[in-house]
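Asker: Sequence below, structure please.
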Amino acid sequence: MKSLWNDAQAAKYHSDPLALRVYTSRLLGQDPTLVLHGGGNTSVKINTTNRFGETEELLYVKGSGWDLATIEAAGFAPVRLAVLQKMAQLEQLTDAEMVKLQRAAMIDPNAPNPSVEAILHALIPFKYVDHTHADAVITITNTDKGAERIRQLYGDQVLIVPYVMPGFVLAKKIAELTQAIDWSRLEGMILLNHGVFSFADDAKTSYECMIQLTSAAEHYLQAQGTSVVISYPEAKEDWLQLARIRKKVSEVRGTAMIVQLDTRSEALSFAHLPNVAAIATRGPLTPDHVIRTKPKPVILGNNPLEDITQYVQAYHEYFARHTNGQLTSLNPAPCWAVWPGFGLLSFGTSIEEATVISEIKDHTIQAIQLAEQLGGWQALPEADIFAMEYWELEQAKLKKRSTTLPLQGRIALVTGAASGIGRACVKMLQAQGAAVAAIDMNPNITTLFNQPEILGIVTDVTIEQDIQSAVKTCVRHFGGLDILVSNAGTFPASEKIADIRPSTWDASLVVNLTSHQRLLQACIPYLTVGIDATVIIIASKNVAAPGPGVSAYSVAKAGLTQLARVAALELGSLSIRVNVIHPNAVFDTAIWTPEILEKRAKHYGMSVEGYKTNNILKTEVTTKDVAALVCTMAGPVFAKITGAQIPIDGGNDRVI
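Answerer: Numbering: from 1, shown residues only. You can find the predicted model right below:
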């Protein structure tokens, strides 16, 4: 591990201790082998003058909910140091009381809640304090002789602290252990199974001490000959089974889930280990991870759905073993899975949550394999893990993160997604919580949205192989399929029946009808195991009110509508809803340029604005309006509606 300290950069903050604190906190936070997703905490002690002209010392400590990688000055909670030190002298203090007292001791009521380690930071008699969950150090402590190895590695330069719960209990434990210790001889503290503390009166020394302590652990692991062996097994594929697994976990969790399938060599090698079921289920890398990952993953065998059922039963038993009778069980769904032969799975209600779990999983499987070579991976006892999982303060963090959007965790596939109605649907589905596969023949689709929740796939819907590949790519990337928005279409040039060219007729039927049938056929197996599965077909006003010169378009859209009606009849018994939208006069699309709009308006003797609002309600219909209707039809409002045809046209007298 290398120090990232830059003298020129740090010099900018020389006169501002808090700014320097932000700088070194970010240095720590950008290294995932030190901290992951909100883990770790840092602080700085600063003398200030209050409004009454009195000098008081404040502890600026990382606030709850902030990430060290991106923390700003506003992310540090300013707490009166003297109050924290008095709190440490109390014999007992509940978690709720601790939070309340810490908040009452803050000088800024708008600042975030101080870290649960604030009292401990206050006890350490140095200006700067850093705390991380360094992988290398925790890997060594999570072995049968972890404490002995740590003593052998660091000698007397660190204080070795047996595992106790974070917060007030940990602060009291360290106060007890340091009563007769000269802090100046210590370079840091190792909290067994938990993490590392470093400290100094200047930011650089504290930061680089953390780097040195962690580097020593990395060198120790190398000297012991430990390494992660990559075997490069070939990954199996079963996308329908993946979708079934996702549905089962979603049902247990009580909400739709996204699944990230990891088939990298590292993941496949771990899943391929003959003893993976034994070593992967001994506990998390650090107890801080348990609220995100549960105590252990589910191991999937030949009957994955039954394995998930058994996991749920085992979780209920685990809860029953440790509850005090006053706790309410969390959802028993697994957060990640080992699927031998296929890879590793991470489950989340959003891409963000699944990614966090996946990254924690990456660090965990590496630590497990290294620790196994040091005599055996050994996590904390089950009771300690449970205590952290059901710790009141950790539960509060989960509640703060929980936000439910209307389509949270649902997976959608949208065709014709690069422009017009399709593009608007992609953006609104994503805004309402869905993960979206955006399909279009435009090669720009892969970079058009640039958001992790949206996967652009270049697809020609007139080619069946392209359709099959796109659907499988969607399922492989997100874990399943719930919402199909069949939107791709083309509007051929106006030709009367007597003059229509065969190529015009055939091209319209292929794109506007046949491609939709092929796509629906490819999606049905996955929709069958989807969450509140629904198909939304974008047809046209021309179905109900065709005009002269557009037979190729109108006939194809009428056939598409009939296809949807039959699909509603056939798929209803599979709990798949099929509904149709008939848009008209949607002008904010690529085909309606200002020049064309002006020409058409002039043809009818209208202004452009009058032409755009030429309907009964005298209102303009936009792509966003159509997308909003799509999202509504995909949601609970339409949960008991299938076979419907809904116009969105501002009211058309010919349709009515």
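
Asker: How are the helices of the stretch 451-600 of the chain distributed by residue range?
Answerer: Remark: helices assigned in the stretch 451-600 of the chain by DSSP state H, counting those that start in this stretch are 464-478, 502-509, 515-527, 551-571, 594-603.

Asker: brain fart, the stretch 1-150 of the chain
Answerer: So, for the stretch 1-150 of the chain - with DSSP H, counting those that start in this stretch - the helices run 7-11, 17-29, 81-87, 95-104, 118-123, 135-141, 146-154.

Asker: can you tell which of those helices is closest to residue 545?
Answerer: Minimum separation from residue 545 across the helices of the stretch 1-150 of the chain (CB to CB) falls at helix 17-29, 60.1 Å. All C-beta atoms are positioned from the backbone trio N, CA, C, and that covers glycine.

Asker: returning to what we had before: dump the helices of the stretch 1-150 of the chain into TSV; add mean pLDDT and distance to residue 204 as well.
Answerer: Below are the helices of the stretch 1-150 of the chain laid out as TSV (pLDDT from 0 to 100; distance: least, CB to CB, whole Å):
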stretch	mean pLDDT	distance to residue 204
helix 7-11	95	7
helix 17-29	97	8
helix 81-87	96	22
helix 95-104	93	28
helix 118-123	97	18
helix 135-141	97	21
helix 146-154	96	21
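
Asker: export the ones you listed to a markdown table and tack on distance to residue 247 and mean neighbour count?
Answerer: Converted to a markdown table, the helices of the stretch 1-150 of the chain look like this (distance: least, CB to CB, whole Å; neighbours: other CB atoms under 10 Å):
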| stretch | distance to residue 247 | mean neighbour count |
| --- | --- | --- |
| helix 7-11 | 50 | 10 |
| helix 17-29 | 36 | 22 |
| helix 81-87 | 48 | 18 |
| helix 95-104 | 37 | 16 |
| helix 118-123 | 43 | 27 |
| helix 135-141 | 34 | 26 |
| helix 146-154 | 40 | 17 |
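
Asker: Dump those into JSON lines; add distance to residue 415 as well.
Answerer: Below are those laid out as JSON lines (distance: least, CB to CB, whole Å):
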{"stretch": "helix 7-11", "distance to residue 415": "49"}
{"stretch": "helix 17-29", "distance to residue 415": "41"}
{"stretch": "helix 81-87", "distance to residue 415": "59"}
{"stretch": "helix 95-104", "distance to residue 415": "50"}
{"stretch": "helix 118-123", "distance to residue 415": "53"}
{"stretch": "helix 135-141", "distance to residue 415": "43"}
{"stretch": "helix 146-154", "distance to residue 415": "55"}
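
Asker: Compare these and give me the one nearest residue 419.
Answerer: Closest to residue 419 of the helices of the stretch 1-150 of the chain is helix 17-29 (CB to CB; 39.4 Å).

Asker: contacts for the closest one?
Answerer: 4-5, 9-10, 12-14, 34-35, 40, 42-44, 46, 60, 62, 67-73, 75-76, 127-128, 130, 132, 203-204, 206-207, 210 (CB atoms under 8 Å, 6 or more residues apart in numbering).

Asker: Equivalent analysis for stretch 102-117, please.
Answerer: So stretch 102-117 is contacted by 41, 43, 50, 58-59, 61-66, 74-80, 83-84, 87, 95, 98-99, 118-119, 121, 131, 166-167, 170-171, 393 (CB under 8 Å, 6+ apart).

Asker: How far off centre is that stretch?
Answerer: Distance of stretch 102-117 from the chain centroid (CA atoms, centre = their mean, to the nearest Å) equals 28 Å.

Asker: Can you give me the buried ones in it?
Answerer: Across stretch 102-117, burial judged by 16 or more other CB atoms under 10 Å covers 102, 105, 106, 111, 112, 113, 114, 115, 116, 117.

Asker: That stretch: end-to-end distance?
Answerer: Start and end residues of stretch 102-117 are separated by 11 Å (CA to CA, to the nearest Å).

Asker: Can you say which of the helices of the stretch 1-150 of the chain is nearest to residue 411?
Answerer: helix 17-29 (31.4 Å).

Asker: domain assignment for this protein?
Answerer: As assigned by automatic domain parsing, the chain contains the domains 7-223, 239-401, 411-586+622-648, 591-620.

Asker: Among the ones you listed, which comes closest to residue 230?
Answerer: Here domain 239-401 is closest among those (CB to CB), at 4.9 Å.

Asker: pLDDT on the closest one, on average?
Answerer: Averaged over domain 239-401, pLDDT sits at 94.

Asker: CA-only coordinates of stretch 502-510 in PDB, if you can.
Answerer: Coordinates of each C-alpha in stretch 502-510 appear next as PDB, following Å, rounded to 0.1, in the frame of the first residue of the first chain:
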ATOM      1  CA  PRO A 502     -44.200  -4.000 -52.100                       C
ATOM      2  CA  SER A 503     -41.100  -2.800 -50.300                       C
ATOM      3  CA  THR A 504     -43.000  -0.200 -48.400                       C
ATOM      4  CA  TRP A 505     -45.700  -2.600 -47.400                       C
ATOM      5  CA  ASP A 506     -43.300  -5.400 -46.400                       C
ATOM      6  CA  ALA A 507     -41.000  -3.100 -44.400                       C
ATOM      7  CA  SER A 508     -43.900  -1.700 -42.400                       C
ATOM      8  CA  LEU A 509     -45.200  -5.200 -41.500                       C
ATOM      9  CA  VAL A 510     -41.800  -6.400 -40.500                       C
END
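
Asker: what's in contact with that stretch?
Answerer: The contact list for stretch 502-510, computed with CB under 8 Å, 6+ apart, reads 462, 490, 492, 493, 495, 551, 552, 553, 555, 556, 559.

Asker: from what I can see the third one touches residue 555, true?
Answerer: No: here residue 492 lies out of contact with residue 555, judged by CB atoms under 8 Å, at a distance of 11.1 Å.

Asker: Neighbour count for the contacts of stretch 502-510 - can I get that in JSON lines?
Answerer: Output for the contacts of stretch 502-510, formatted as JSON lines (neighbours: other CB atoms under 10 Å):
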{"residue": "462", "neighbour count": "16"}
{"residue": "490", "neighbour count": "16"}
{"residue": "492", "neighbour count": "20"}
{"residue": "493", "neighbour count": "11"}
{"residue": "495", "neighbour count": "16"}
{"residue": "551", "neighbour count": "20"}
{"residue": "552", "neighbour count": "25"}
{"residue": "553", "neighbour count": "25"}
{"residue": "555", "neighbour count": "19"}
{"residue": "556", "neighbour count": "28"}
{"residue": "559", "neighbour count": "18"}
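
Asker: ok, and what's touching stretch 596-615?
Answerer: Contacts of stretch 596-615 (CB under 8 Å, 6+ apart): 584, 585, 587, 594, 619, 620, 621, 649, 650, 651, 652.

Asker: All set, thanks.
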